[in-house]
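Engineer: here is my input; please provide its structure:
(chains A and B)
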Amino acid sequence: MAEAMGFFTDTTICIGCKACEVACKNWNQLPAENGGVKKMSGDSYDNTQRLDGIHWRHVKFIEQFDGPYNGRWLMMSDVCKHCVQAGCLEVCPTGAIIRTAFDTVVIQSDVCNGCRACIAACPFGVIDVNPVAGTAQKCTLCYDRLEVGLEPACSKACPTDSIQFGSITELRARAQKRVDQLKAQGETRAQLYGDDPNGPLGGLNSFYLLVDKPEVYGLPVKPQLPSRNLAKSGTFSAASAAVLGLLALVGLRKQRMDDIGGGGASPN
Amino acid sequence: MSDTFFSGAPHWTWFIIPYFFIGGLAGGAYFLAAILEWFGQPAHRPVIRTGYRVAAVGAILSGAFLTIDLGRPLRFWHMLFQSENFPAIMFKAWSPISFGAWAILLFGLFSVLSALGAMSEEGRLNNRALRAVGGVMQGRGVAKLVAALGGLLGFFVAGYTGVLLSVTNRPIWADSPWLGALFLVSGASTGAATLILLAPRRGATPQSLDWLSSFDRSALVVELLVLVLFLVSLGSVNRVWLSFWGLLLLVGVVGVGIAAPLRLHGNAARAAKLVLIGGFLLRVATMLASEGIERYHMTAGT
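Structural biologist: Sure thing, here's the model as predicted:
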């Protein structure tokens, strides 16, 4: 496999311009919704609201204000995390979701049959159906651009380099340096999310620098694989099946004993 | 707060809910028929035949619902074979939706074979080829073998749907390991209820119906117990039930579907109808309560 590639997103320098959203939509030819008429959400400057089948980038706006003069904006360009252990890839029953040579996770639209298991499996709420295709879609980390040596459209368009593309090893080192710099400047809340290869999901190939708790940014604290529940859930089901089988047999035996004893069928 | 609240809803609604209900019911009915095939008396034949026919119709309907629900229904076979490498099998032992697709296919096969045997027994097959299959299925050894495999698959189909929901990252579903057991027990109780309602038309004896009613009551008690375990295991996630779905679970599932039938000793048919309503509402409440929760985020001003 070629070197693992991905994104490091430094949320502290995101200015909320949404150039990444536009570049993504443009390059990937993602359709507009609502006939191209944008509805205002009333939720800060966030009218995209979510990642889904036709929004593969989503700039989040989090307003933290304690009175008119004391507060801050948190902005974060969200995207598929390209998990090293990906829940979507794990459950996909058609084999449509694959890991590429760049260690990214891609849905092959011509194989997907729109069962939507991956949507429920993703701990980050990244995937949804593209209504035009009828299949589940998400960020491909611009697989087509990577193949010809180009960087993804979003990071190319990002005017502040909040979204940085590169080899994961190099990005991790760069990210750690940035955290140290911020801490030295007094921003003690600076932390990386998803950079640890020994952490949840084996690390995320799209990881973040945050300055608050992950849940403030709408990120799960400890994302997990869906298969964590399989053994326990299967065992409990099998046990309940055994109990029911036993009850059915006990009922038959009781009826037979009643017959032999001349009691006939039990009165009901 | 559970990490499951950050995930997105898969929109499994009005095709999947009936599929979960009918699939469970079909699996439960076949399982009971298989138990009688192995351990019952000749007087139980009408119930056995009804069970097989209910299972066959249910399995076919299940497959249809599941296919219609797909974004690209004509690609349903991508779940069974590798689309780019046909006829290589597509199978993931760790993904319930993958092994479940195979389970429904095989359960459908076994239940149709058994149903053909039942119809042949009743002399209802006019087609020569089907009569030949039905004739083979009437052999006791073959019937018992198919019943054993189909019975296990039946319970598998009834239970895997709940396991499938647990093997996600969705609120409620992935927050408890008891959903598979709950759906399985509900499949058994609704399967028995269907047989109580339909078997008399095929000449079921009072003895068979008594056995079904008594089994259904036991299954309802087990279902109540599993439901309690399910709710306890949800812990703090239980606050999602402070909604219409909680009311539906309490009144529709526990009240109408479990408590009322347990009190209706004298009227098996009415009790069976309530069990069916409760079984359907169980799927509605557990599915839609979770479907309504999406991608937790803090809005401006919170």
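
Engineer: quick one, strands of the stretch 1-150 of chain A?
Structural biologist: Assigned by DSSP state E, counting those that start in this stretch, the stretch 1-150 of chain A shows strands spanning A:5-10, A:58-65, A:71-78, A:97-99, A:105-107, A:128-130, A:135-137.

Engineer: right, and those - which one's nearest chain B?
Structural biologist: Across these, chain B has its closest neighbour in strand A:58-65 (4.6 Å, C-beta to the nearest C-beta). For the C-beta atoms, the positions are set from N, CA and C on the backbone; glycine is no exception.

Engineer: that closest one - what's its average pLDDT?
Structural biologist: The average pLDDT within strand A:58-65 is 94.

Engineer: and for stretch A:104-120?
Structural biologist: 97.

Engineer: that one near chain B anywhere?
Structural biologist: Yes: contact of stretch A:104-120 with chain B (C-beta under 8 Å from any C-beta of the partner chain) involves A:110-117, A:119-120.

Engineer: cool, stretch A:224-240 as well?
Structural biologist: Yes: using C-beta under 8 Å from any C-beta, stretch A:224-240 reaches chain B at A:224, A:226-227, A:229-230, A:232-234, A:236-240.

Engineer: residue B:160 contacts residue B:96, correct?
Structural biologist: Yes: counting by C-beta atoms under 8 Å, residue B:160 touches residue B:96, with 5.3 Å between them.

Engineer: in PyMOL, how would I select the buried members of the residues of stretch A:224-240 next to chain B?
Structural biologist: The following PyMOL line selects those of the residues of stretch A:224-240 next to chain B that are buried, judged by 16 or more other C-beta atoms under 10 Å in any protein chain shown:
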select buried, chain A and resi 224+226+227+229+230+232+233+234+236+237+238+240
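
Engineer: please name the nearest non-neighbouring residue to the residue of the stretch 1-150 of chain A at minimum distance from chain B.
Structural biologist: Using C-beta to the nearest C-beta, the closest approach of the stretch 1-150 of chain A to chain B is made by residue A:114 at 1.9 Å. Closest residue to residue A:114 apart from its sequence neighbours, by C-beta to C-beta, 6 or more residues apart in numbering or on different chains: residue B:71 at 1.9 Å.

Engineer: identify the residues contacting the one you found.
Structural biologist: Shown in contact with residue B:71 (C-beta atoms under 8 Å, 6 or more residues apart in numbering or on different chains): A:112-116, A:129, A:133-136.

Engineer: and it, backbone torsions?
Structural biologist: Main-chain dihedrals, residue B:71, degrees, to the nearest 10: phi -70, psi -30.

Engineer: what's the spacing between it and residue B:57?
Structural biologist: 26 Å (C-beta to C-beta, to the nearest Å).

Engineer: likewise for residue A:156?
Structural biologist: For residue A:156, the distance to residue B:57 - C-beta to C-beta - is 56 Å.

Engineer: same deal with residue A:138?
Structural biologist: In terms of C-beta to C-beta, residue A:138 sits 38 Å off from residue B:57.

Engineer: comparing those two, which residue is more hemmed in?
Structural biologist: Per other C-beta atoms under 10 Å in any protein chain shown, whichever of residue A:138 and residue B:57 has more neighbours is residue A:138, with 26 against 16.

Engineer: for that one, give me phi and psi.
Structural biologist: phi -160, psi -180.

Engineer: got the contact list for it?
Structural biologist: A:51, A:53, A:56, A:80, A:88, A:107, A:126-128.

Engineer: now whatever helix or strand residue A:237 lives in: buried residues?
Structural biologist: Using DSSP states H and E, residue A:237 sits in helix A:230-260. Residues of helix A:230-260 classed as buried: A:230, A:232-234, A:236-238, A:240-241, A:243-245, A:247-248, A:251-252, A:255 (neighbour count, 16+ other C-beta under 10 Å).

Engineer: without its sequence neighbours, what residue ends up closest to the residue most central in space within chain B?
Structural biologist: By C-alpha atoms, centre = their mean, chain B has its centre lying nearest to residue B:24, at 0.7 Å. Once flanking residues are discounted, residue B:24 sits nearest to residue B:187: 3.0 Å by C-beta to C-beta, 6+ apart.

Engineer: wait, doesn't that neighbour sit right on residue B:30?
Structural biologist: No: Residue B:187 sits out of contact with residue B:30 when judged by C-beta under 8 Å, with a separation of 9.9 Å.

Engineer: tell me who's in contact with residue 136.
Structural biologist: Went with chain A since none was named. With C-beta under 8 Å, 6+ apart, residue A:136 has these contacts: A:53, A:96, A:107, A:112, A:114, A:116, A:118-119, A:127-130, B:71.

Engineer: not quite, I wanted chain B
Structural biologist: Neighbours of residue B:136 in contact, by C-beta under 8 Å, 6+ apart: B:117, B:142.

Engineer: what distance do you get for it to residue B:129?
Structural biologist: 11 Å.

Engineer: nearest to residue B:156, of the residues of stretch A:104-120 next to chain B?
Structural biologist: Residue B:156 lies nearest to residue A:117 out of those, by C-beta to C-beta, at 17.9 Å.

Engineer: most proximal residue of chain B with respect to chain A?
Structural biologist: residue B:71 (1.9 Å).
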